[in-house]
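1. Structure for the following, please:
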Amino acid sequence: MDKKQKILIVDDNNDNLKVAANILKSNDNIIWLAVNGKTAIEIAKIKQPDLILLDIQMPEMDGLEVCKRLKEDMETNEIPVIFMTARTDVESIKEAFEVGAADYITKPIKQFEIIARVKTQLKLTESIKELKETIIIKDKFFSIIAHDLKGPIGGMASLTKIIYDEFDNLSLEEIK
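-> Numbers count the residues shown, from 1 in each chain. All right, here's what the predicted structure looks like:
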């Protein structure tokens, strides 16, 4: 990952935003901040971040609804979302993954944990992009091969059909 990674951090608490931003800025990332779900969705559509860190407990639109909307939108559905929240109950964790979370971090956040989880998600996202590009190249390659083989194979198929249909009427020399 040579290029700078773009990360959107969403939390209604400015102190939490500052802490997460300072941790991730030190790794030379491009950071955008949003204090509510509506702004987060707008930024995600315009800026296309490589990763979103998202709080669950926010006024107006909670993080679960934000994630759900991002995953329903073709422009943003492939952006991985890591929930970063004070909720530690099993039901919240389950619900987060059900709406499309890639990972889940509980607050208070630990520097080593957020760096490790963000780094893992970014590597995974980059690997998926590379794999998709490889599949596109492979498909083009096989399409070219299929096209190039149609002529010779078609010719052999036609000749084989003629021999099969006229076998009784052809001499051994004509068949050879």
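2. burial measure for the closest residue in space to residue 51 that isn't next to it in sequence, as a count.
-> Ranked by C-beta to C-beta, 6 or more residues apart in numbering and with sequence neighbours excluded, the top spatial neighbour of residue 51 is residue 7, at 5.0 Å. Glycine gets a C-beta too; all of them are placed from N, C-alpha and C. Per other C-beta atoms under 10 Å, the neighbour tally for residue 7 reads 24.
3. Could you measure from residue 5 over to residue 98?
-> When C-beta to C-beta, to the nearest Å is the yardstick, residue 5 and residue 98 sit 26 Å from each other.
4. Most remote residue from the middle of the protein, which is it?
-> Note on the chain: the largest separation between a C-alpha and the mean C-alpha position, by C-alpha atoms, centre = their mean, falls on residue 171 (63.5 Å).
5. Compare residue 5 and residue 98 (neighbour count), which wins?
-> Between residue 5 and residue 98, counted using other C-beta under 10 Å, the more crowded position is residue 5 (21 against 11).
6. for the more buried one, what are its contacts?
-> 29-30, 50-51, 122 (C-beta atoms under 8 Å, 6 or more residues apart in numbering).
7. And it, what's its pLDDT?
-> At residue 5, the predicted lDDT confidence score is 91.
8. mind checking how far it is from residue 37?
-> Relative to residue 37, residue 5 is positioned 22 Å away (criterion: C-beta to C-beta).
9. what does residue 26 give?
-> As judged by C-beta to C-beta, residue 26 and residue 37 stand 27 Å apart.
10. These two - which one has more neighbours?
-> residue 37 (24 against 10).
11. what's the pLDDT at the more buried one?
-> The pLDDT attached to residue 37 in the predicted structure is 96.
12. in this protein, which spans are strands?
-> 6-10, 30-34, 51-54, 81-85, 103-106 (DSSP state E).
13. Dump the ones you listed to a markdown table, plus distance to residue 163.
-> Written out in a markdown table, the entries for those read as follows (distance: least, C-beta to C-beta, whole Å):
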| stretch | distance to residue 163 |
| --- | --- |
| strand 6-10 | 64 |
| strand 30-34 | 68 |
| strand 51-54 | 63 |
| strand 81-85 | 63 |
| strand 103-106 | 64 |
